[in-house]
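Colleague: turn this into a structure:
(chains A, B, C and D)
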2 protein chains.
Amino acid sequence: MKIGELARATDTKVETIRYYEGAGLLAPPPRTGGNYRSYGTDELLRLSFIRRARDLGFSLDEVRELLALADDRDQPCGAVDAVASSHLATIERKIADLSQMRDELARVIGGCRLGKVGDCKIIQTLEPMRGASHN
Amino acid sequence: MKIGELARATDTKVETIRYYEGAGLLAPPPRTGGNYRSYGTDELLRLSFIRRARDLGFSLDEVRELLALADDRDQPCGAVDAVASSHLATIERKIADLSQMRDELARVIGGCRLGKVGDCKIIQTLEPMRGASHN
DNA sequence: ATGCACCCTCTAGCAACTATAGGGTCAAGC
DNA sequence: GCTTGACCCTATAGTTGCTAGAGGGTGCAT
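Modeller: Below you'll find the model as predicted:
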């Protein structure tokens, strides 16, 4: 399997696969006579794993860790759970942060579409001194 | 006001202020005899504006746009509303994406803390072929 | 033999900073 | 008067996770 086929099979760009190789997530595969990378089913599975983990928002460092853990199938899986739980906590923090942003923005938007910038609630929110006092 | 004082007053790192200057968000201020940047109240207000906008998740490009709009106080503020609304939409998309990640992760976590990696639901989710079939 | 799709390496670019190296300035204390 | 320390300066490289480009080689069909 050439790199382009692997790319299509995993919905990954060719450059990204080469990047993962450089980043140590995929081992350098054997090469053909023409110096083309040649992949087998193992690499397809490994890359699918990586893509799924990335889709779930794991960082490349976390993916590396998960790959190492997944390779040692007799280990207790508390370590896997720890990586995933800490990632879940990160996601929940991000959601909370974004929700707060959303609420603040929503509170401010709408109601000045027809006014002038000088009276705009959005600008006043960003520029509280001028909006509130002398100007 | 020296750059360090401005940094403390706006809860910004000194390097970030210099970065904003290079990025065109803050004008190059006058210098003292010793070549130190010297800021006044205008820059304090402008940097506060930038920080607030950044806290609300606006990109530097969006901040640049908002600053330009805020400077022209007689313009209708539909343009400001457009920037903010489009940003709100982006935030809502991010929240939706993260919420989906959170749900998928939460579904998978817990229940294998005591098992082995070979039976781990998290790993199986990432590695569906092996988990489901022959191995 | 020539066109075309595909592959190769190496390097630079993106956002938005952060950190480091290698220096200069300024006020205080001895 | 000289050193110590906190602060400032520029310029450059690093961070994350790719993506895009230059400048070339390979392999197959026409």
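
Colleague: could you use CA atoms for every contact and neighbour count after this?
Modeller: Will do.

Colleague: how about the residues of chain A near DNA strand D?
Modeller: When proximity is defined by Cα under 7 Å from any atom of the strand, chain A lies next to DNA strand D at A:12-13, A:15-16, A:19, A:32-35, A:54, A:58-61.

Colleague: residue ranges of the helices in chain A, please?
Modeller: Taking DSSP state H, the helices of chain A run over residues A:3-10, A:14-22, A:41-55, A:60-71, A:78-108, A:121-126, A:128-132.

Colleague: in the longest one, what counts as buried?
Modeller: Which is helix A:78-108. In terms of neighbour count (16 or more other Cα atoms under 10 Å in any protein chain shown), helix A:78-108 has its buried residues at A:78, A:80-81, A:84-85, A:87-88, A:91-92, A:94-95, A:98-99, A:101-102, A:105, A:108.

Colleague: so which elements touch it?
Modeller: helix A:60-71, helix A:121-126, helix B:78-108, helix B:121-126 (3 or more Cα pairs under 8 Å, 6 or more residues apart in numbering or on different chains; DSSP states H and E).

Colleague: now mean pLDDT too, for these, in CSV please.
Modeller: Listed next are the helices and strands packed on helix A:78-108 as CSV, based on pLDDT from 0 to 100:
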stretch, mean pLDDT
helix A:60-71, 92
helix A:121-126, 82
helix B:78-108, 92
helix B:121-126, 80
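
Colleague: can you tell me the closest non-neighbouring residue to the closest residue to DNA strand C within chain A?
Modeller: Going by Cα to the nearest atom of the strand, DNA strand C is nearest to A:Gly4 of chain A, at 3.1 Å. Excluding its sequence neighbours, the residue lying closest to A:Gly4 (Cα to Cα, 6 or more residues apart in numbering or on different chains) is A:Val14, at 6.1 Å.

Colleague: likewise for A:Leu69?
Modeller: A:Val80 (6.8 Å).

Colleague: I figured that neighbour hits A:Ala68, correct?
Modeller: No. Taking Cα atoms under 8 Å as the definition, A:Val80 is not a contact partner of A:Ala68, at 9.9 Å.

Colleague: quick one, what contacts the residue nearest to A:Gly4?
Modeller: A:Val14 makes contact with A:3-4, A:7 under the criterion Cα atoms under 8 Å, 6 or more residues apart in numbering or on different chains.

Colleague: can we see that at 10 Å?
Modeller: For A:Val14, the contact set (Cα atoms under 10 Å, 6 or more residues apart in numbering or on different chains) comprises A:3-8.

Colleague: highest neighbour count among these?
Modeller: Of all those, the highest neighbour tally under other Cα atoms under 10 Å in any protein chain shown goes to A:Leu6, namely 22 neighbours.

Colleague: all set now, cheers.
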